[in-house]
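J.: coordinates only, sequence not included:
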């Protein structure tokens, strides 16, 4: 495996040994060669194993998938380096996909699990507190709303995921400082947890009273897909703004989705393309990502799931006649019908997010572990393991959202230079933690990046008459 001078040899790479590896129950360590890998070789090996495992899962070769998962378990660690942590959650997702092929076993295995919505909300709060992505989106969104509501006396904001009061506290401060005086502000918050909405109402009411701004809060306890639009109580004479922070993609599953077996055939072209990773010799994960070998040589399927759900929802929003609608979404193609396409795209996307967390928090941080396990890990599992209506993390690129909004009667509102300036100032104010963040303008919209990898998009829309 190694030459006499200690350097690695491509011709004797451990990756080439993988097909020859088999389980050896009698040995203390079934794969002793794994212990000889350097960190960069280990990362490359984990990518190879994930691709190999996914191929076996997609083709229904579960015995070989099991061998690959066993090999991954000797290298991956939820407390290790970036690639080890990513591999832990992708291997868990692939195992979950396999388990779903036996519905009875899967249901029994999860029968005693109790969803902890309060803990999930807390973890999302951590994501807001420790990373800048959501903060930047809030700053840009608020500036769009302030500009659209200039001169309006009654302002109504509908928040499609009212979980973080910080955005609206900032908006209250901005509106109270208007030269023409503050408007009457009403915020309608939508969330499935009553306690979250009660907390938001308390925080915002206190902020509004402190600044002497007339304020009302209208809570609606519901899932977004079950929203009764009559409860929004949009009134004649008020200027309406709609804010959606990473919510609309959950409505992309088609009504007619059939929960097919997760072991669906793969696209052979994508398979061949992914296998190229096994023969590369990059020394670090970052170098590997910079090469873009997984995603830039092919175009994901253009026929990602269309949905009457999202079309009817956007149509209903259009019917409310908002002055502006601001949308933040994950900027990546995770909505392909093919497992291998989703694996390819999501590996890059989550590698960048895990790398961002690596720069922000120590590896032993409890908060980091919770965010990776309960937020990012669950998203990965949903993208990789689920199909049909169960697959809710259907992230799409800004170009697809642009076409969808235009077809539903919306037209793009270019984001202002001042909003970009505020976002840049926020990133600069965060000292070293803001070093890897970038924002760039794309046809009047904003893409928020980690290093040069686009991760989130912010766009603004108004109805087209």
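T.: Arrived safely, thanks for sending. Here the structure is a predicted model, which means the values were calculated and not measured.
J.: quick one: low-confidence parts of the stretch 151-300 of the chain?
T.: For the stretch 151-300 of the chain, the stretches with pLDDT under 70 are 255-300.
J.: And stretch 417-432, how far out from the chain middle?
T.: The chain centroid and the centroid of stretch 417-432 are separated by 22 Å under Cα atoms, centre = their mean, to the nearest Å.
J.: what's the answer for stretch 374-388, then?
T.: Between the centre of stretch 374-388 and the centre of its chain there are 10 Å (Cα atoms, centre = their mean).
J.: Give the buried residues for it.
T.: Buried residues in stretch 374-388, defined by neighbour count with 16 or more other Cβ atoms under 10 Å: 374-387. All C-beta atoms are positioned from the backbone trio N, CA, C, and that covers glycine.
J.: and which of these is nearest to residue 207?
T.: Taking Cβ to Cβ as the measure, residue 207 lies nearest residue 375 of the buried residues of stretch 374-388, at 26.9 Å.
J.: check contacts around the most centrally placed residue in the chain.
T.: Central residue check for the chain by Cα atoms, centre = their mean: the C-alpha nearest the mean position is that of residue 330, 5.0 Å away. By Cβ atoms under 8 Å, 6 or more residues apart in numbering, the contact set of residue 330 is 246, 249, 349, 395, 455-456.
J.: where does residue 448 land in three-state SS?
T.: Taking DSSP: H, G, I helix; E, B strand; the rest coil as the rule, one finds residue 448 in the strand state.
J.: Which element, helix or strand, includes the closest residue to it other than its chain neighbours?
T.: The shortest distance from residue 448 to any non-neighbouring residue, by Cβ to Cβ, 6 or more residues apart in numbering, is to residue 456 (4.4 Å). Here residue 456, judged by DSSP states H and E, is contained in strand 453-463.
J.: And for residue 136?
T.: Assigned by DSSP H and E, residue 136 falls in helix 133-148.
J.: list the buried ones in that helix?
T.: Quick answer for helix 133-148 (16+ other Cβ under 10 Å): 133-146, 148.
J.: for that helix, packing partners?
T.: helix 117-130, helix 166-176, strand 239-245, strand 324-330, helix 417-429, strand 437-442, strand 445-450, strand 453-463 (3 or more Cβ pairs under 8 Å, 6 or more residues apart in numbering; DSSP states H and E).
J.: possible to save those as a markdown table with distance to residue 219?
T.: A markdown table is the format used below for the helices and strands packed on helix 133-148 (distance: least, Cβ to Cβ, whole Å):
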| stretch | distance to residue 219 |
| --- | --- |
| helix 117-130 | 15 |
| helix 166-176 | 13 |
| strand 239-245 | 15 |
| strand 324-330 | 20 |
| helix 417-429 | 28 |
| strand 437-442 | 32 |
| strand 445-450 | 29 |
| strand 453-463 | 25 |
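J.: Out of the ones you listed, flag the one nearest residue 409.
T.: Smallest distance to residue 409 across these (Cβ to Cβ): 6.0 Å, for strand 453-463.
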